[in-house]
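In: What follows is a predicted protein model with its sequence.
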Amino acid sequence: MIHEIVDSPQYGPETDALRKLLADQPDHPGLDPYQALLLDREELPDPAVAGERDPRVTVEDLAIELPGRTLQARIYRPSPQPRPVLLWLHGGGFVGGDLRDIEFATSGIAAAGNVTVISLNYRLAPENPCPAGLQDVSDTLAWIRANVDGDGRIAVGGQSAGGALAAGACQLARDAGAPLPDRQILCYPVLDLHPAADWHEWYFGARDIPAGAVPLQAATLAGLPPTLMLAAGRDWLRADALAYAGRLEQDGVPTRLVEYADTMHAFLNFPAALSAGRHAVELIAADLRAAFG
C-alpha cells in the first residue's frame, strides 16, 4: 500500500486558528439538541472558511426520484461532453450537513478532475435512521447509470459519514452482484462503531445493524473498487482510515493512503482557512484524472 504523508508548516497553525474560531461560535442556548440540529442544517456556510464554488463549472439542481422518496442533488459539469461521473456525499455525522457546505470541493474536483460531480443530499437521522442514507446512496448509483449522460465510468466518494456511506454502498453492490463503481474516494471516513459519538444513538439506536452500515466489520473487503483514502493527522477517526486502508490492501484491493499531517477532521469543509483542504481538492482531481485517463 502506498502511504503518503502530506505536510506543510502552515497546517498546524491554520488548524489551531480555525479550531479557536469554531470554538468561539455561539451555540443555540435554550434549544433542545434536535431543535439546534434543525437550525444548524439551515445555516449557510461562511465563504471566509468554506470557500466558494469554482466558476469553471456549470451547475444544475436535480430532483432524484427514487421509490418512495425524492432526493435533492446538485450536478457540476466542467463541459457538456459525456465524461466519468463522481457521486459525492457530504459529512455531518449522519445527522447534519448539506451539499451547500462543500461546494468548493465538489465544483473544484469537477473542474480540475475533468469529471461530472453529483453531490447528494441523502436522508438524515434521527428522522431517517440507519440504513436510510445507505439505501439512498445505493439507489442513486443505480439511478446515475440509468439517467445521467456519462461515459459509463462511475466513482463514488465522500467525507466522514459520507465516506462511510460510499464504502458501505460499494460493499452492498459487491455482495449483490451489482455493477461496482470504478473507484472509491474515502475522506477521513467513519468506518467502525463509535458508541460514544454524539450521533450514534440517533443514527444506529438499538436497531440491528445491516450489512454495509459499518464497513470495517465486513468479513472481507476483497472485490471492492480501487481506493483513494484520505486521513487527517489530528483526527480521532484517523485509526478508522488506516485500518480500512490496511485491510483493503491485505484483501487485494489497490489502495492509496494519503495522510495530511497536523490537520483536523473535516478539513475539506474549510478550504478557505485550511490550505490542506485546497491541496486535497487538487489531489483528488489528479487521482481521478489518472484513474480515468
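Out: Arrived safely, thanks for sending. Numbers count the residues shown, from 1 in each chain.

In: mind listing what residue 123 touches?
Out: 69, 71, 132-133, 136 (C-beta atoms under 8 Å, 6 or more residues apart in numbering). (Each C-beta comes from the backbone N, C-alpha and C, glycine too.)

In: From the residues you listed, which land in helices?
Out: Counted as lying in helices by DSSP state H, out of those, are 132-133, 136.

In: mind listing the strands for the stretch 51-200 of the chain?
Out: For the stretch 51-200 of the chain, applying DSSP state E, counting those that start in this stretch gives strands covering 58-66, 69-77, 85-89, 116-121, 154-159, 183-187.

In: Make TSV from the ones you listed and add mean neighbour count and distance to residue 19 to it.
Out: Formatted as TSV, the strands of the stretch 51-200 of the chain follow (neighbours: other C-beta atoms under 10 Å; distance: least, C-beta to C-beta, whole Å):
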stretch	mean neighbour count	distance to residue 19
strand 58-66	13	31
strand 69-77	17	29
strand 85-89	28	24
strand 116-121	26	26
strand 154-159	28	18
strand 183-187	27	19
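
In: Adding distance to residue 43 and mean pLDDT, write these out as TSV.
Out: Shown next, in TSV, are those (distance: least, C-beta to C-beta, whole Å; pLDDT from 0 to 100):
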stretch	distance to residue 43	mean pLDDT
strand 58-66	19	97
strand 69-77	17	98
strand 85-89	20	98
strand 116-121	15	98
strand 154-159	18	98
strand 183-187	22	98
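
In: Turn these into TSV, including distance to residue 15.
Out: Below are the strands of the stretch 51-200 of the chain laid out as TSV (distance: least, C-beta to C-beta, whole Å):
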stretch	distance to residue 15
strand 58-66	30
strand 69-77	27
strand 85-89	23
strand 116-121	25
strand 154-159	16
strand 183-187	16
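
In: picking that back up, considering the contacts of residue 123, which is situated nearest to residue 121?
Out: Nearest to residue 121 out of the contacts of residue 123 is residue 71 (C-beta to C-beta; 6.2 Å).

In: Show me the beta-bridge partners of the closest one.
Out: Bridge pairing for residue 71 (DSSP bridges) gives the partners residue 64.

In: quick one: it and residue 149, what's the gap?
Out: Using C-beta to C-beta, to the nearest Å, residue 71 is found at 19 Å from residue 149.

In: Also residue 119?
Out: Counting by C-beta to C-beta - residue 119 and residue 149 are separated by 17 Å.

In: What are the neighbouring residues in contact with the residue lying closest to residue 106 once chain neighbours are set aside?
Out: Excluding the flanking residues, the one nearest residue 106 by C-beta to C-beta, 6 or more residues apart in numbering is residue 119, at 4.5 Å. Residue 119 sits next to 73-76, 88-90, 99, 102-103, 106 when contact means C-beta under 8 Å, 6+ apart.

In: Put together a markdown table for the residues you listed, with distance to residue 160 on each row.
Out: Output for the contacts of residue 119, formatted as a markdown table (distance: C-beta to C-beta, whole Å):
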| residue | distance to residue 160 |
| --- | --- |
| 73 | 19 |
| 74 | 19 |
| 75 | 22 |
| 76 | 20 |
| 88 | 12 |
| 89 | 9 |
| 90 | 8 |
| 99 | 14 |
| 102 | 11 |
| 103 | 17 |
| 106 | 15 |
